[in-house]
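Engineer: Model the following, please.
(2 chains)
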Amino acid sequence: MSGELTEATLRLLHQAHPSVLLVLDWDKHRASGTHTYEAFCDIVEKLVELSLTQLAQNPQTCQTRDENSLTEHVASSLRFLGFETEFDGTVGGHVDLIVRFGSLYAWLGEAKIYSSYVWLLKGYLQLSTRYSTGLPNEDRGGMLIYFKAPDVPGKMSTWKAKLESYVGKSRAPIAVTTVARPVNGLASTQDHKRTARPYRVTHFPVALHWEPEDS
Amino acid sequence: MRGLDSLKKEIISYLFSSEQADVCVQIVDMLGKYECAQLRMLTYQAFSREIRRPLADPALVLAIHFFVNTERFKLLDKHYLVLDSDLSSSFEISDEDAAEALRTGLLPLPSGEEVGNVEEHLLPYFSASRRLMEIKGTECQAN
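Structural biologist: Numbers count the residues shown, from 1 in each chain, chains lettered A, B, ... in the order given. All right, here's what the predicted structure looks like:
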């Protein structure tokens, strides 16, 4: 077995590949039985962010793609990373992404291309009142917000204010905070209407604006 | 091998014909080609040599784990050997004992010493899963 990699050496070799490190983390949780819903969601959300970053690194290829096509990239990444991911861009009436760990844990994702704040609000309400159950081990999700328009920080700041005013007035109070990751992202928590348990949503902005001024 | 050929088509579809699907298909081809005895201990090095991708290639490591962690395509089981305190001799460890070491962060070595740097003493390797053995047929199942 000389020259073979230990788990530690493998991590060192892939220190610049966060997706590998996250998969090894989840692998360790699974192998040792130390997995929790929080750990599952934290890893899924980091992997979603990495996948969305790949899209943002190539905005010119995203201009003609619709929500399903963009979200298919995320689904494909998550599946390759060993996370059971349901995605069907051809059928309406259900959430865009469901990431599961067997029947134990589920994380839901709703995707919207930004066209207006009303459109984003529709996505948030679909996620929080139509698709999610609010049950334990299913009470976290994400909004994947694709911005083909410029100024993501400004738009996310406005989205935060709109969420607080629209949703907070009409339903249970909502707490919305800025987060370090994803960059320019938000985390919102609101009691789920069905179960009265806190439902947490991470809002992932994806900067896809492409308008070079050199030609 | 018919079962593996249809599995490759399923994988390509499941991964939306992405580039990553190509690495997975290469691994299925390798597993199809190997004799049953060879499928009892496959190291990262073995995959790297056969697939002709360096160990530092994330796609290689991720594709191997795809076959460990994806229930629908579970062709591999992951196990460990233990490197003793001299870091040169290795010994078998049961999956249960390896899990215990990963859970507690403490690993008793064959030399009697107990170490806390568990991951520096665990050498991962892979073996054919029950599903792969079934696909490979009676020869593998008899062994």
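Engineer: can you give me how far the helix or strand A:Arg100 falls within is from the chain middle?
Structural biologist: Using DSSP states H and E, A:Arg100 maps to strand A:97-101. Computed by CA atoms, centre = their mean, to the nearest Å, the chain-centroid distance of strand A:97-101 equals 11 Å.
Engineer: Sheet partners, orientation included, of whatever helix or strand comes next after it?
Structural biologist: Where DSSP H and E defines the elements, the next helix or strand beyond strand A:97-101 is strand A:105-113. Partners of strand A:105-113 in the sheet, by DSSP bridges, are strand A:97-101 (antiparallel), strand A:140-147 (parallel).
Engineer: Mean pLDDT and mean neighbour count for those - can I get that in JSON lines?
Structural biologist: (C-beta placed from N, C-alpha, C; glycine too.) Shown next, in JSON lines, are these (pLDDT from 0 to 100; neighbours: other CB atoms under 10 Å in any protein chain shown):
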{"stretch": "strand A:97-101", "mean pLDDT": "96", "mean neighbour count": "22"}
{"stretch": "strand A:140-147", "mean pLDDT": "98", "mean neighbour count": "25"}
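Engineer: would you turn these into TSV with distance to A:Met156?
Structural biologist: Formatted as TSV, the strands paired with strand A:105-113 follow (distance: least, CB to CB, whole Å):
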stretch	distance to A:Met156
strand A:97-101	20
strand A:140-147	8
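Engineer: A:His35 belongs to a helix?
Structural biologist: No. Looking at A:His35 with DSSP: H, G, I helix; E, B strand; the rest coil, it is coil, so not inside a helix.
Engineer: what residue is smack in the middle of chain A?
Structural biologist: A:Gly142 (4.3 Å; CA atoms, centre = their mean).
Engineer: Check the gap between that one and chain B for me.
Structural biologist: Counting by CB to the nearest CB, to the nearest Å, the separation of A:Gly142 from chain B is 20 Å.
Engineer: can I assume that residue is in contact with A:Phe204?
Structural biologist: Yes. Counting by CB atoms under 8 Å, A:Gly142 does reach A:Phe204; the two are 5.8 Å apart.
Engineer: Please enumerate the shared neighbours of the two.
Structural biologist: Counting by CB atoms under 8 Å, 6 or more residues apart in numbering or on different chains, the contacts common to A:Gly142 and A:Phe204 are A:Val48.
Engineer: what's the pLDDT at whatever residue of chain B ends up closest to chain A?
Structural biologist: Relative to chain A, the nearest point of chain B is B:Asn69 (3.1 Å; CB to the nearest CB). What the model reports for B:Asn69 is a pLDDT of 94.
Engineer: Buried residues, stretch B:121-134. List them.
Structural biologist: B:121-126, B:128-129, B:131-133 (16 or more other CB atoms under 10 Å in any protein chain shown).
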